[in-house]
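**Q** My questions are about this predicted structure, shown below with the sequence.
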Amino acid sequence: GSDGNFTANLGVPTLDGLGAMGANAHQHTEHIVTAELPRRMALLAELLTRLVRDA
């Protein structure tokens with residue numbers, strides 16, 4: 001979960017899930033898939049580029 005559910009509930013456009021891929025959040029076995037980090041960073045960079053360009 002995230003705080004995005006509060007903003008989405010208010011009707012505010014909300015993005016969630018832009019973080020690292022992984023599993024078992026907040027557990028001793030929590031981990032991220034480091035091989036996916038470059039792809040996730042590229043996704044975020046493209047999103048920010050489009051937001052700035054279209055602003």
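**A** Noted; the coordinates are in hand. What you are looking at is a predicted structure, and each value in this text was computed from that prediction instead of being measured.

**Q** Quick check: longest helix in the protein by residues?
**A** Under DSSP state H, the helix in the chain containing the largest number of residues is helix 37-54.

**Q** for that one, what is the average pLDDT?
**A** The pLDDT scores in helix 37-54 average 94.

**Q** What sits closest to the residue nearest the centre of the chain if chain neighbours are left out?
**A** Centroid-nearest residue in the chain, with C-alpha atoms, centre = their mean: residue 18, separated by 1.2 Å. Spatially, and ignoring its direct neighbours in sequence, residue 18 is nearest to residue 44 (5.7 Å; C-beta to C-beta, 6 or more residues apart in numbering). Bear in mind the C-beta positions are built from the backbone N, C-alpha and C, glycine included.

**Q** That neighbour: neighbouring residues, count only.
**A** The number of residues packed near residue 44 is 13, by other C-beta atoms under 10 Å.

**Q** CA atoms only: put the longest helix of the chain into PDB for me.
**A** The C-alpha trace of helix 37-54 is given here as PDB (Å, rounded to 0.1, in the frame of the first residue of the first chain):
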ATOM      1  CA  LEU A  37      16.300  -1.500 -11.900                       C
ATOM      2  CA  PRO A  38      17.500   0.000 -15.200                       C
ATOM      3  CA  ARG A  39      14.200  -0.700 -16.800                       C
ATOM      4  CA  ARG A  40      12.300   0.900 -13.900                       C
ATOM      5  CA  MET A  41      14.500   3.900 -14.000                       C
ATOM      6  CA  ALA A  42      14.000   4.300 -17.700                       C
ATOM      7  CA  LEU A  43      10.200   4.200 -17.200                       C
ATOM      8  CA  LEU A  44      10.400   6.900 -14.600                       C
ATOM      9  CA  ALA A  45      12.700   9.000 -16.700                       C
ATOM     10  CA  GLU A  46      10.400   8.800 -19.700                       C
ATOM     11  CA  LEU A  47       7.400   9.700 -17.500                       C
ATOM     12  CA  LEU A  48       9.100  12.700 -16.100                       C
ATOM     13  CA  THR A  49      10.300  13.800 -19.500                       C
ATOM     14  CA  ARG A  50       6.800  13.700 -20.900                       C
ATOM     15  CA  LEU A  51       5.400  15.500 -17.900                       C
ATOM     16  CA  VAL A  52       7.900  18.400 -18.200                       C
ATOM     17  CA  ARG A  53       7.600  18.500 -22.000                       C
ATOM     18  CA  ASP A  54       3.800  18.700 -21.900                       C
END
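
**Q** Right, I'll leave it there.
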